[in-house]
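K.L.:
After the sequence you'll find the predicted model.
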Amino acid sequence: MFLFFHRFLRCPCAVYVLSITSVSVVISGYSHASEPQSTSPAQQPTTAPSSYDAYLYDTNFNGDRLADDEDEEDTDFQEWIDETQDSISDTIHYYGTSFDHFIAKKDDEKPMKNRSYLKIKFKPRYSHREYFSGDASVKLKLDLPHTKKNWKLILETDPDDFDRLEDKQRGISDNSDSSLSGAVGGVRLQGRQWGSWKTNFDVGLKIKLPLDPFTRADLRRVDRLSETWTSRIKQEIFYYHSKGPGAITSFNFYFANPQDPLTILKLSSSAQYLDTDNNWEFVQQAEIFDRLDAKNLMQYSIGVSADSRPNYSITNAWVSVSWKHRLYKDWLYMTVTPELDFQDEFDYRINPGIMFEFEMFFTTEGGIDRLARKIPLPD
């Protein structure tokens, strides 16, 4: 697999892919993360022939020698990948720890574990009637464990507050006019307890002139209904100065057999109101998560969405199957999702499509199983 990526990096399109990654890291405000790009195979001089070209003109071709060289190239490329990931992760951890110690750590306090991370996501999607669309996003969270109220610094390049509810639930990028454009940054007060409810509170600015202040809050609780059923209620409210308020209410129900905890059924019902559209959107969805092994997860989904304006009507029904795979260690993941949509804009005619997703995580906190799907526990 790494040989495939290595050869891919030699083609001209690899320069484009690496440039996206470089820009994404710079957006996060850390120039150190771009330093490893200078050693990228895509940027090496092209005058020297590759090992493959050399063997084309070697009359004393030796298959074993080629195999050994390819194995060595794989090892070198793998080492470069690991060093690059470690370098970016260490940079994120360094800035998170330094800022935390600067604003909150007392001299007599011991250092605490810092869970700062950077997530980069690429999501190309193709459908028969809507053609191709692509999206890349970056999310950065700097952990401040020494703050008494558990504050976090957040940066999102692609906030989804004003995306359609269906797209949020399905993890699809929304390119509609109502979507937000530009990155947002702010602080988050996370995990405050209010009886049986837990809260998050964000305040910040959209990083684009003119500056656009925003605030977000969510309130949620989890209840164990029986040995096999669990419920989760969540209420979100957000406000942007340029767009006004919005709200989301969601009810989720989880089912899992204690004899088979790796398979989970999730039933969800949610509603979103956006003041910019003066519209309520409703989504009903059923999902099954089936953990196959340490590297693979299957997700099956069926759902329907509806709008309240101009008249209440079904806007889409869909069926999808997602295969989530851990490509490399615990920080590089791929998802492939074939899907069938039946949208009102196409008179409910079948619209087949497929979506790919590549996620990269940069953090010094290793050993996280990002394919794990767990039923939430009551607080």
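P.N.:
Yes, it's here.

K.L.:
pull the helix or strand with minimum mean pLDDT from the chain.
P.N.:
The weakest-scoring helix or strand in the chain, judged by mean pLDDT, DSSP states H and E, is helix 51-56 (a mean of 31).

K.L.:
remind me which residues of the chain are low pLDDT?
P.N.:
1-73, 148-149, 174-179 (pLDDT under 70).

K.L.:
all helices for it, in order.
P.N.:
2-10, 12-27, 51-56, 63-103, 165-170 (DSSP state H).

K.L.:
Mind listing residues that contact stretch 204-217?
P.N.:
For stretch 204-217, the external contacting residues (CB atoms under 8 Å, 6 or more residues apart in numbering) are 154, 159, 161, 180-187, 199-203, 236-242. Every C-beta, even on glycine, is put in place using the N, C-alpha and C of the backbone.

K.L.:
My error: substitute stretch 241-256 in the last question.
P.N.:
161-162, 165, 178, 180, 206, 212-214, 225, 228-239, 263-276, 375-376.

K.L.:
Please check those and keep the buried ones.
P.N.:
161-162, 165, 180, 206, 212, 214, 230-232, 234, 236, 238-239, 264-266, 268, 270-274, 375 (16 or more other CB atoms under 10 Å).

K.L.:
Can you name the residues bridging to Phe362?
P.N.:
Beta-bridge pairing of Phe362 under DSSP bridges involves Leu118.

K.L.:
Count the residues that sit near it.
P.N.:
25 (other CB atoms under 10 Å).

K.L.:
Next one: it from Lys329, what distance?
P.N.:
12 Å (CB to CB, to the nearest Å).

K.L.:
what's the answer for Ser242, then?
P.N.:
Using CB to CB, Ser242 is found at 41 Å from Lys329.

K.L.:
Likewise for Phe201?
P.N.:
In terms of CB to CB, Phe201 sits 34 Å off from Lys329.

K.L.:
of these two, who's got more company?
P.N.:
The neighbour comparison of Phe201 against Lys329 (other CB under 10 Å) goes to Phe201, with 16 against 12.

K.L.:
does that one really touch Gly191, like I thought?
P.N.:
No - counting by CB atoms under 8 Å, Phe201 does not reach Gly191; the two are 10.3 Å apart.

K.L.:
so who does Asp275 touch?
P.N.:
Taking CB under 8 Å, 6+ apart as the test, what Asp275 contacts is 243-246.

K.L.:
Quick check: PyMOL command selecting the buried ones in these.
P.N.:
In PyMOL, this line selects whichever of the contacts of Asp275 come out buried by 16+ other CB under 10 Å:
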select buried, resi 243+246
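
K.L.:
Report the contact partners of Leu189.
P.N.:
149-151, 199-202.

K.L.:
Next, name the residue at the spatial heart of the chain.
P.N.:
With distances taken as CA atoms, centre = their mean, the residue of the chain nearest its centroid is Lys121 (5.4 Å).

K.L.:
In this structure that one contacts Thr157, no?
P.N.:
No - using CB under 8 Å, Lys121 is not in contact with Thr157; the gap is 9.8 Å.

K.L.:
Identify the contacts common to those two.
P.N.:
Common neighbours of Lys121 and Thr157 (CB under 8 Å, 6+ apart) are 137-139.

K.L.:
and the gap between the closest residue to Val336 other than its chain neighbours and Leu292?
P.N.:
Among residues not flanking Val336 along the chain, Trp323 sits closest, at 5.0 Å (CB to CB, 6 or more residues apart in numbering). Taking CB to CB as the measure, Trp323 falls 9 Å from Leu292.

K.L.:
which neighbours do those two share?
P.N.:
What both Trp323 and Leu292 touch, as defined by CB under 8 Å, 6+ apart, is the set Met298.

K.L.:
ok, back up a step: tell me which of the contacts of Asp275 is nearest to Asp344?
P.N.:
In terms of CB to CB, no member of the contacts of Asp275 lies closer to Asp344 than Gly246, at 22.5 Å.

K.L.:
domain assignment for the chain?
P.N.:
The chain breaks down by automatic domain parsing into domains covering 2-98, 114-362.

K.L.:
Highest mean neighbour count out of those?
P.N.:
Most buried of the domains of the chain by mean neighbour count (mean count of other CB atoms under 10 Å) is domain 114-362; its value is a mean of 16.

K.L.:
before we move on, the earlier item: make JSON lines from the contacts of Leu189 and add distance to Gly171 to it.
P.N.:
Listed next are the contacts of Leu189 as JSON lines, based on distance: CB to CB, whole Å:
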{"residue": "Lys149", "distance to Gly171": "31"}
{"residue": "Asn150", "distance to Gly171": "27"}
{"residue": "Trp151", "distance to Gly171": "27"}
{"residue": "Thr199", "distance to Gly171": "24"}
{"residue": "Asn200", "distance to Gly171": "20"}
{"residue": "Phe201", "distance to Gly171": "24"}
{"residue": "Asp202", "distance to Gly171": "20"}
